[in-house]
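>>> Have a look; sequence and predicted model below, questions after that.
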Amino acid sequence: MGYLQELQEELRTLLGDLDEAKQKEVARFVGKKILESYRNGIASVRVLEAGKRVAENNRKGRRA
């Protein structure tokens, strides 16, 4: 089972007082937000790495 699936199951357990449809809705919402955050983090790392390469090339007297 993947990380997001495990998280959704844990959320459903914690939200036991809610009806099943609401549990699924909350679990999907949280999972979606975590995935979005992860993807944003990956994109940020790529931008930073590209910036570092440009800076390094400029220090060496080359253009990117």
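Looks like it came in fine.
>>> name the element the residue most central in space within the chain belongs to?
Centroid-nearest residue in the chain: Y38, 1.5 Å away (criterion: CA atoms, centre = their mean). For Y38, the element it lies in under DSSP states H and E is helix 20-59.
>>> close enough to count as contact, A27 and L14?
No. Taking contacts as CB atoms under 8 Å, A27 lies outside contact range of L14: 9.7 Å. For glycine as for every other residue, the C-beta is placed from the backbone atoms N, C-alpha and C.
>>> Tell me how far stretch 10-20 lies from the chain's centre.
Here the centre of mass of C-alpha atoms in stretch 10-20, compared against the chain's by CA atoms, centre = their mean, to the nearest Å, lies 23 Å away.
>>> What of stretch 2-9?
Taking the mean of its C-alpha atoms, stretch 2-9 sits 13 Å from the chain's own mean (CA atoms, centre = their mean).
>>> Identify each buried residue in it, please.
Of the residues in stretch 2-9, those scored as buried under the neighbour-count criterion (16 or more other CB atoms under 10 Å) are 4, 8.
>>> So what touches stretch 35-43?
For stretch 35-43, contacts defined as CB atoms under 8 Å, 6 or more residues apart in numbering pick out L4.
>>> One more: stretch 55-64?
With contact meaning CB under 8 Å, 6+ apart, stretch 55-64 is reached by 53-54.
>>> That one - what's its average pLDDT?
When pLDDT is averaged over stretch 55-64, the result is 76.
>>> Please apply the same query to stretch 29-38.
For stretch 29-38, the mean pLDDT works out to 88.
>>> buried ones in it?
Taking 16+ other CB under 10 Å as the neighbour-count basis, stretch 29-38 is seen to contain the buried residues G31.
>>> For it, list the C-alpha coordinates in CSV.
Output of stretch 29-38 as CSV, limited to C-alpha atoms (Å, rounded to 0.1, in the frame of the first residue of the first chain):
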residue,chain,number,x,y,z
PHE,A,29,-9.0,16.1,0.0
VAL,A,30,-6.0,15.7,2.4
GLY,A,31,-4.3,13.3,0.0
LYS,A,32,-4.8,15.7,-2.9
LYS,A,33,-3.3,18.6,-0.8
ILE,A,34,-0.3,16.4,0.2
LEU,A,35,0.4,15.4,-3.4
GLU,A,36,0.1,19.0,-4.6
SER,A,37,2.6,20.1,-1.9
TYR,A,38,5.0,17.3,-2.9
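>>> Cool, thanks, talk later.
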